[in-house]
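Asker: Need the 3D shape of this:
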Amino acid sequence: MSQLFRIIFDNFTYKLIAFLLGVIFWYIVQSEQVLEVNRKIRVQLIAPDGFVVKGGNTQYKDATLRGPRALLNHFSMEPIQAQVKLYADKPQTVRVRLDKEYIKAWNDRIKITIYDAYISVFLDRKMEKELPVKPNLIGLPKDGYLIEKTIVIPEQVLVSAAASELQRIDAISSEPIDIKDISESKSFDAILLTDPTLKVSAKKVQVNVLVGEKKVNKSFANVMIEVESTNFPLKIKPTRVSVVIQGSPSKLNLVRDGDIRAFLNVKDLPVGIFEHKIQVKIPPDTVLIETNPENAIIEI
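Answerer: Residues are numbered from 1 along each chain as shown. Reported below is the predicted structural model:
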């Protein structure tokens, strides 16, 4: 034990210095060791005012970095960021060679080789246009029900893009909205489906789907025509009329013959023979489809 103690602690200071020098030399050697690593470069293309890069303003390039290990160890696996400002005074194709000058604070001790370094893009005029939103409804309501109305909020969105692209677009569609077997009105939040090259003022919209019962027709025959009072005796032909109304089945089931009224307004008519339109009064939440006949002959 004492011998082991002497081996460790005899001339301990010199042994410690030697150890530290070894660590320092190892670090220096490792730091100066040259490595090569492959990385992606994310190129952000900046168009001049009034222009846009057709096809999108982001591109990716492959690159190889070569330099000391100590420097390359600072690079994460995330793409290297580069920015390229483009210049033009009219719509045209612009070609630029990507180099390290477009990478902020690049260390010149690191050599970079960029593959397919040339970037060729078309600069088009920037255009803005308001476009309607088209809800993409999938499926059908439950049997006996229908879509009465669809309300989209907002109804339109402002779209910015290359003029040549925007001129071909007449609406912006929403993601698919499943309305299968719904039997009541419902509200949906829907994402707008757009190309990445389009800038849209809203990413999602609210789609309100108003659902109601399917409408059916019901006929009421032999409805007596009522005549409002007059000071003269008169004759009318015909004296009865057939009426067809439309509504939901649940509503029409409650309508009785007496709920349908047909009448003629003859208060202001002088003596003579006239053809007059037959007026019809029907229950609320129903629609008049047909009156047969539509007119009556009045002899005063």
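
Asker: Domain map for this structure?
Answerer: Annotated domains of the chain cover 1-32, 34-125, 126-213, 216-299 [automatic domain parsing].

Asker: ok, the nearest residue to Lys214 once chain neighbours are set aside - contacts?
Answerer: Spatial nearest neighbour of Lys214, chain neighbours left out: Leu146 (5.0 Å); criterion: CB to CB, 6 or more residues apart in numbering. Where you see a C-beta, it was placed from the backbone N, CA and C, and this is true even at glycine. Contacts for Leu146 (CB atoms under 8 Å, 6 or more residues apart in numbering) come out as 211-215.

Asker: ok, now Ile278?
Answerer: For Ile278, the contacting residues are 225, 241, 262-264, 291, 293-296, by CB under 8 Å, 6+ apart.

Asker: What strands flank the strand or helix carrying the residue nearest to Lys214, and is each parallel or antiparallel?
Answerer: Element membership of Leu146, judged by DSSP states H and E, is strand 145-153. If you go by DSSP bridges, strand 145-153 pairs up with strand 204-213 (antiparallel).

Asker: contacts for the helix or strand following the partner strand?
Answerer: Per DSSP H and E, strand 204-213 leads on to strand 216-227 as the next helix or strand towards the C-terminus. With contact meaning CB under 8 Å, 6+ apart, strand 216-227 is reached by 234, 236, 238-249, 252, 255, 257, 260-264, 266, 278, 280, 289, 296.

Asker: after strand 216-227, next one along is what?
Answerer: Using DSSP H and E, the next helix or strand after strand 216-227 towards the C-terminus is strand 235-237.

Asker: Select from the contacts of strand 216-227 every entry located in helices.
Answerer: Taking DSSP state H, the ones among the contacts of strand 216-227 that sit in helices are 249, 252.

Asker: So which of the contacts of strand 216-227 sit within strands?
Answerer: Residues of the contacts of strand 216-227 located in strands (DSSP state E): 236, 240-247, 261-264, 280, 289, 296.

Asker: And the buried ones among those residues, selectable in PyMOL?
Answerer: In PyMOL syntax, the buried subset of the ones in strands among the contacts of strand 216-227 is picked out as below (16 or more other CB atoms under 10 Å):
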select buried, resi 236+241+243+245+246+247+262+264+280+296
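
Asker: Now the two most distant members of the ones in strands among the contacts of strand 216-227.
Answerer: Ile236 and Gly247 (28.5 Å; CB to CB).

Asker: Pick out the shakiest of the domains of the chain, pLDDT-wise.
Answerer: Across these, domain 1-32 has the smallest mean pLDDT, namely a mean of 57.

Asker: could you say which helix or strand contains the residue positioned nearest the centre of the chain?
Answerer: What sits nearest the mean C-alpha location of the chain, by CA atoms, centre = their mean, is Leu192, with 1.1 Å. Under the criterion of DSSP H and E, Leu192 resides in strand 186-193.

Asker: which residues touch the helix or strand just after that strand?
Answerer: Under the assignment DSSP H and E, the closest C-terminal helix or strand after strand 186-193 is strand 199-200. By CB under 8 Å, 6+ apart, the surrounding residues in contact with strand 199-200 are 157-161, 172, 192, 194.
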